[in-house]
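Participant: Kindly return the folded structure for what I paste below:
(2 chains)
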2 protein chains.
Amino acid sequence: MKIALAQINPTVGDLAGNARLIISFAREAASQGADLVVFPELCITGYPPLDLLDNEAFLAAASRTMTHVAASVPESLGIVLGCPLKNPSPVGKRLINAAVVFEAGREIGRASKVLLPTYDVFDEYRYFEPGTTGRPIEFRGLRLGLHVCEDMWNNEEQADYHLYAANPIDELAAQGIDLFLNISASPFSHGKHERRNEILTEICAEHLVPFVLVNQVGANTEVLFDGDSRVHLADGSLAACAPSFQEALIMWDTDAKPRQCEMPHDRIGDMHDALVMGIRDYVAKTRAFEKALVGLSGGIDSAVTAALAVAALGPDHVDGVTLPSRYSSTGSVTDSRALADNLGMTLHEIAIAPAVESFEKMLSPLFEGTAFGVAEENIQARTRGVTLMAISNKFGHLLLTTGNKSELSVGYATLYGDMSGGLAVLADVFKEDVYALARYINQRADRELIPLATIDKPPSAELRPDQRDSDSLPPYEVLDAILERYVEGLEDVEQIEAATGFERSLIERILGMVDRNEYKRRQAPPGLRVSAKAFGMGRRLPIVMKPTFREALALQPTTDA
Amino acid sequence: MKIALAQINPTVGDLAGNARLIISFAREAASQGADLVVFPELCITGYPPLDLLDNEAFLAAASRTMTHVAASVPESLGIVLGCPLKNPSPVGKRLINAAVVFEAGREIGRASKVLLPTYDVFDEYRYFEPGTTGRPIEFRGLRLGLHVCEDMWNNEEQADYHLYAANPIDELAAQGIDLFLNISASPFSHGKHERRNEILTEICAEHLVPFVLVNQVGANTEVLFDGDSRVHLADGSLAACAPSFQEALIMWDTDAKPRQCEMPHDRIGDMHDALVMGIRDYVAKTRAFEKALVGLSGGIDSAVTAALAVAALGPDHVDGVTLPSRYSSTGSVTDSRALADNLGMTLHEIAIAPAVESFEKMLSPLFEGTAFGVAEENIQARTRGVTLMAISNKFGHLLLTTGNKSELSVGYATLYGDMSGGLAVLADVFKEDVYALARYINQRADRELIPLATIDKPPSAELRPDQRDSDSLPPYEVLDAILERYVEGLEDVEQIEAATGFERSLIERILGMVDRNEYKRRQAPPGLRVSAKAFGMGRRLPIVMKPTFREALALQPTTDA
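Facilitator: Numbers count the residues shown, from 1 in each chain, chains lettered A, B, ... in the order given. Down below sits the predicted model:
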């Protein structure tokens, strides 16, 4: 039997567009002789649909769209679709997260997602009632172990958050199946490809049946899906592999002699491709922007952001603006110009002194007698923000913010200043990785796209004379190590101290900065997620809080006698 | 037996401070002769702790704080505390949401929350494993039906989201209890007081036992808790009532002759008190701000925001700034001055023309040949934003934003302009209610705090000559009616058309504006929540989406023959 894996890029909420996309892939699969074409989880609505699932009219239309799609593909072709459907029970959440198999327009079986991820960026129990593991579905002589995404992830790795009571994989295998069929919307993060390899190899080794995984690809706002669809044979070896970060239709013939495949992956290369896809899809799916706009400082973050934007949209669809102030180094403009020339993009230059001086004059009666400080630094950053947003509003450009995860962690960024924009490209990339991306970009182009002067200069916000990031922050290799353990590893002071040997007072100072700057991150634009713990919807902290637990650990009983 | 209801205002994450607060209330209860003192849900951590619950060190400290508190109250006093505790089972989520009864420092019983709200602002299944209904807990001869918050809310009203399979109230009653004891962190929204009355009267009527409800009070970032703790007798009548929106310790003697109580509530009055509490707690709990700052336009939104801030913090802790431009009416300044005089607050005046003109000059080469439009309007709003934020940064003031829910819904607000600030006071108040608040404020003060000129003038953003809100929006009574049904009622075009008779094209236009402006709201400061569906953490929509379901409803099967 020939199975087609349709790794598509649906747009959230775009029922009509997704229907056209699915039908077109299905017809292509049929023309290649497929018996069955398989689409990703919730492919009808796109993933994640979030609170669109609270809209009754949307739900009715989604279900109707599924029926329409099933009736619109060639009769000879079986099709597996993912769609939110009404929970048949009156008790519980209103919906189930369903995988439905159709043959000749008629439903011949369905699975209801059993394990509902409700952690990090996932909120599935907000909408869906968990199903119970269903029976194998018979299709043209094969018994399919159909299930949805998380249903295959009941393992120790998720134990940080929880361990599920049910195990759909074991329960399906126990009933006797010919292959596992998993439809997913499983997001990209560092190392996810390798974790999929591991867990699927384990499952095949345990149950000795092949495993077909079809995953969504593309970006929907901040969440990036890599695809990485594949077929593992019963011995765990890969018999079909889809490329990551792009749509693909790949075929697997259950009766054909196996051909091995392999997809080489590289941490920084994957991050690059994920971010490029994130920018491209934001622009393509909103259809609201002719161009992207990047404020160029001559520094590494804006250079890498611009290079990624050019890779995503082409040089004619990215404009740079250099906005020198009295504190800007010469390199601020010359390195920006070199970058723009290397990338082939247009560069505008607008000196910000006139507006900065106007603000200072307007505020001078009120500020009289005070010293130059954060207020004055921020006026510069915000003057740049206003200028860039004016260009964005005037010409309909998407302003990209350039701040990295290290800065965003410790609040080294100005709200309504350099944090202004529609999409935060590097918000989930630590500074050390920004450098790695810059080197990768030059290496891949085999020439100096990002000027070496930009890579080599010491990082500075250039908001006061001779300012350096190192004036107020530890070296980035130290900072990033602490941040990665705190923000991504969920470790606290003791563990970080034990693991790194850094000074306790430094660790406490950095963690305090992270906690105190939650208010800035709450107002940040959505950031492209490339780690397992990004700021934004996957990390939800109160703004008003006092994490006094170190103080509380010293509390002693104080009963009055 | 004397039961003390301790309606306290904990701060999220402030374990040490919450411990001190609880101990002080407990001692006061003991001094008034209480046998048992009851505190709200998760009183040790404050509610909602959000992803602080992912921090192991925090969890360990919370559990230790609970033990410390229990050991620190007079031995004669029983105490009921709420705390996140380790799930004793290795399977499932790592925590339970527990209510624990202590006597003489020893645990004598506990309940684990059964119904975990996971909708709107609630994410409890993200952290907690559901419990099963426990046995009644015997305390000094009384059988307590102890349970947590949502456990009493298994009723038809929640059916919009789900209907629970378990019913802890019925299950406790079936075991024979002397009273229900509910510890809650149940947020305020319009009509919540009345809904609590209804459901508790029903429960008492069905089970014929008294009901004690102890609820958290105070604001934690955007979520407002009204308290409204009370005791219903077996016949449903109220025997003890705590005031709303303030801390209180109220006593109920199970053996005393019942005294009836009643708390009058008023929709606009409650909203006023809730918002005042929200501002006060934001400032008090962050301890980061000496003053609040409000940009005054002479219009109704900024006037009401300033009046609420003065009610919360006192006139010496609120500064106003009037920022006239070339398009500002005379009233912009004179009405702001009258307001500041009425409220007794300081007013600064800073004309924004110098910076606006600088921006226009800086941008003129790029903007040459284009017409005055949104870009130029936004430069004005953003110049005000930069000016206000400079004052905020210089003097450590909390900038309050003044936009209302109607504007925020349709995107009638400038990102990084009038949307700049730390707290959005009116973000969940529709325009018609802003007017009602203004009238209420004057009525309550029995004088004209908010100038009548401000109340009577037609709403305008004053960003171009003779601009009026009504140039681009329908009258607010129409707009608000549509928005309330769409945003809060989750209705769609058909339902709104049927209910209101408004033109379909108008409804579609407004709904489209709401959908398209999600990107602005994602970057808005936290807004004080007073309705059952506020923007922010309780309403999660994708930015990149295409709600094409009306188009999809017209899809017809298109199989090729």
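
Participant: Chain B contacts on the stretch 101-250 of chain A?
Facilitator: A:105, A:118-119, A:123, A:125-126, A:129, A:161-165, A:219-221 (CB under 8 Å from any CB of the partner chain). All C-beta atoms are positioned from the backbone trio N, CA, C, and that covers glycine.

Participant: Among those, the buried ones, what's the PyMOL command?
Facilitator: Burial among those is assessed by 16 or more other CB atoms under 10 Å in any protein chain shown; the matching PyMOL selection reads:
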select buried, chain A and resi 105+118+119+123+125+126+129+162+163+164+219+220+221
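
Participant: Point out the least confident one among the residues of the stretch 101-250 of chain A next to chain B.
Facilitator: Lowest-confidence member of these: A:Tyr161, scoring 64 (pLDDT).

Participant: those helices in the stretch 351-500 of chain A, which residues are they?
Facilitator: Ranges of helices within the stretch 351-500 of chain A are A:353-367, A:374-395, A:405-410, A:431-445, A:452-456, A:476-483, A:493-500, based on DSSP state H, counting those that start in this stretch.

Participant: could you say what helices and strands the third one packs with?
Facilitator: Helix A:405-410 makes packing contacts with helix A:431-445, helix A:476-483, helix A:504-516 when contacts are defined by 3 or more CB pairs under 8 Å, 6 or more residues apart in numbering or on different chains; DSSP states H and E.

Participant: Compare the ones you listed and report which one is nearest to B:Ala353.
Facilitator: helix A:504-516 (36.0 Å; CB to CB).

Participant: Tell me what angle the closest one forms with helix A:493-500.
Facilitator: Going by axes from the mean of the first three to the mean of the last three CA atoms, to 10 degrees, helix A:504-516 is angled at 130 degrees with respect to helix A:493-500.

Participant: residues making contact with the helix or strand following helix A:504-516?
Facilitator: Toward the C-terminal end, the helix or strand that comes next after helix A:504-516 (DSSP states H and E) is helix A:518-522. Helix A:518-522 is contacted by residues A:408, A:411, A:413, A:415, A:419, A:535-536, A:541-543, A:545, B:422, B:525-526 when judged by CB atoms under 8 Å, 6 or more residues apart in numbering or on different chains.

Participant: pLDDT averaged over stretch A:186-201, what's the number?
Facilitator: Mean predicted lDDT for stretch A:186-201 stands at 94.

Participant: And the contacts of it?
Facilitator: A:121, A:149, A:152-153, A:155, A:157, A:211, A:213, A:215-216, A:223-226, A:228, A:230, A:232, A:236, A:244-245, A:263, A:265, A:267, A:270-271, A:274, A:529-532.

Participant: out of the residues you listed, which are buried?
Facilitator: A:121, A:149, A:152-153, A:155, A:211, A:213, A:215-216, A:223-226, A:228, A:230, A:232, A:236, A:244-245, A:265, A:270-271, A:274, A:529-532.

Participant: Can you list which of those are found in strands?
Facilitator: A:Phe211, A:Leu213, A:Asn215, A:Val223, A:Leu224, A:Phe225, A:Asp226, A:Arg230, A:His232 (DSSP state E).

Participant: Same list, those, but as JSON lines with distance to A:Lys192 and pLDDT please.
Facilitator: Listed next are these as JSON lines, based on distance: CB to CB, whole Å; pLDDT from 0 to 100:
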{"residue": "A:Phe211", "distance to A:Lys192": "16", "pLDDT": "98"}
{"residue": "A:Leu213", "distance to A:Lys192": "12", "pLDDT": "98"}
{"residue": "A:Asn215", "distance to A:Lys192": "10", "pLDDT": "98"}
{"residue": "A:Val223", "distance to A:Lys192": "12", "pLDDT": "98"}
{"residue": "A:Leu224", "distance to A:Lys192": "10", "pLDDT": "98"}
{"residue": "A:Phe225", "distance to A:Lys192": "10", "pLDDT": "98"}
{"residue": "A:Asp226", "distance to A:Lys192": "7", "pLDDT": "98"}
{"residue": "A:Arg230", "distance to A:Lys192": "13", "pLDDT": "97"}
{"residue": "A:His232", "distance to A:Lys192": "16", "pLDDT": "97"}
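
Participant: which one of those residues is nearest chain B?
Facilitator: Checking these against chain B by CB to the nearest CB gives A:Val223 as the nearest, at 9.2 Å.

Participant: With A:Asp281 as the reference, measure out to the closest one.
Facilitator: 10 Å (CB to CB, to the nearest Å).

Participant: wait, isn't A:Ala524 in contact with A:Ala427?
Facilitator: Yes - the pair A:Ala524 / A:Ala427 is scored as a contact, 6.7 Å apart, by CB atoms under 8 Å.

Participant: Give me the more crowded residue out of the two.
Facilitator: More crowded of A:Ala524 and A:Ala427, by other CB atoms under 10 Å in any protein chain shown: A:Ala427, with 27 against 21.

Participant: The residue nearest to the more buried one when sequence neighbours are not counted bridge partners, please.
Facilitator: Spatial nearest neighbour of A:Ala427, excluding adjacent residues (CB to CB, 6 or more residues apart in numbering or on different chains): A:Gly527 at 2.5 Å. Beta bridges link A:Gly527 to A:Ala424 when assigned by DSSP bridges.

Participant: How about the contacts made by A:Gly527?
Facilitator: Residues counted as contacts of A:Gly527 (CB under 8 Å, 6+ apart) are A:Glu222, A:Leu408, A:Leu423, A:Ala424, A:Val425, A:Leu426, A:Ala427, A:Asp428, A:Ala534, A:Phe535, A:Gly536.

Participant: Settle this for me: the second one is touching A:Ala427, isn't it.
Facilitator: Yes - contact between A:Leu408 and A:Ala427 holds when scored by CB under 8 Å: they sit 5.7 Å apart.

Participant: Overlap in contacts, the two.
Facilitator: Shared contacts of A:Leu408 and A:Ala427 (CB under 8 Å, 6+ apart): A:Ala524, A:Gly527, A:Phe535.

Participant: which among those residues gets closest to chain B?
Facilitator: Here the nearest of the shared contacts of A:Leu408 and A:Ala427 to chain B, counting by CB to the nearest CB, is A:Ala524; it sits at 7.1 Å.

Participant: Which helix or strand contains that closest one?
Facilitator: Going by DSSP H and E, A:Ala524 is not in any helix or strand.

Participant: Any figure for the gap between it and B:Arg64?
Facilitator: 34 Å.

Participant: which other residues reach stretch A:348-360?
Facilitator: A:319-326, A:333, A:367, A:376, A:379-380, A:383-384, A:386-387, A:391, B:354-355, B:357-359, B:361-363, B:366, B:386-387, B:390.

Participant: roughly how far out does it sit from the chain middle?
Facilitator: Between the centre of stretch A:348-360 and the centre of its chain there are 36 Å (CA atoms, centre = their mean, to the nearest Å).
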